[in-house]
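Novice: Need coordinates for the below:
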Amino acid sequence: VQLQASGGGLVQPGGSLRLSCASSDHTFSMYIIAWFRQAPGKEREFVARIDRYGTIYYSDSLKGRFTISRDNTKQTAYLQMNSLKPEDTAVYYCAAQWPGIGSYDHWGQGTQVTVSS
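Specialist: Here you go, the predicted model:
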């Protein structure tokens with residue numbers, strides 16, 4: 001499955017952004033979709049994931065500010081980010097995992113989120 005992440009940009013602290021992860025693959029609805037992020041000089045960090053049933057997991061540190069969702073009719077997953085902080089600045093990636101495989105084998109190209117005044 002091919003993924004296309006979009007929606008990043010420059011936002012002031014306290015602002016919001018919604019990232020999108022779109023696919024043209026008709027099997028999109030079957031995949032577990034996750035968001036990761038990587039800040040400069042840091043390791044990639046798990047943000048959230050959602051499976052085909054709508055079961056969601058969040059990074060404990062981000063729970064409450066970020067919301068993951070998906071619309072399988074549009075073959076798109078979303079990451080709503082509120083109350084953004086400068087430390088949320090990173091490249092955000094969406095990834096897909098086929099259930100039972102145990103690894104994210106499909107990655108989008110990343111979208112830059114910069115939180116700065």
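Novice: from here on, contacts and neighbour counts on C-alpha atoms
Specialist: Will do.
Novice: For the most centrally placed residue in the chain, give me its contacts.
Specialist: By Cα atoms, centre = their mean, the chain has its centre lying nearest to residue 35, at 2.9 Å. The neighbours of residue 35, taking Cα atoms under 8 Å, 6 or more residues apart in numbering as the test, are 46-49, 79, 92-95.
Novice: quick one, phi psi at it?
Specialist: Main-chain dihedrals, residue 35, degrees, to the nearest 10: phi -110, psi 140.
Novice: secondary structure element for the residue lying closest to it once chain neighbours are set aside?
Specialist: Closest residue in space to residue 35, ignoring its immediate chain neighbours: residue 94 at 4.5 Å, by Cα to Cα, 6 or more residues apart in numbering. If you go by DSSP states H and E, residue 94 is part of strand 90-97.
Novice: in that strand, what's buried?
Specialist: 90-97 (16 or more other Cα atoms under 10 Å).
Novice: and residue 76, bridged to which residues?
Specialist: residue 22, residue 71 (DSSP bridges).
Novice: residues contacting it?
Specialist: Applying Cα under 8 Å, 6+ apart, the residues near residue 76 are 20-23, 70.
Novice: now the contacts of residue 35 as a markdown table including distance to residue 7?
Specialist: As requested, these are exported to a markdown table (distance: Cα to Cα, whole Å):
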| residue | distance to residue 7 |
| --- | --- |
| 46 | 18 |
| 47 | 16 |
| 48 | 17 |
| 49 | 18 |
| 79 | 9 |
| 92 | 10 |
| 93 | 11 |
| 94 | 12 |
| 95 | 15 |
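Novice: Which one of those residues is nearest to residue 104?
Specialist: Looking at these and their distance to residue 104, the nearest is residue 95, at 6.0 Å (Cα to Cα).
Novice: give me every residue that touches the closest one.
Specialist: 3, 33-36, 104-108.
Novice: ok, now how distant is it from residue 13?
Specialist: With distances taken as Cα to Cα, to the nearest Å, residue 95 is found 26 Å from residue 13.
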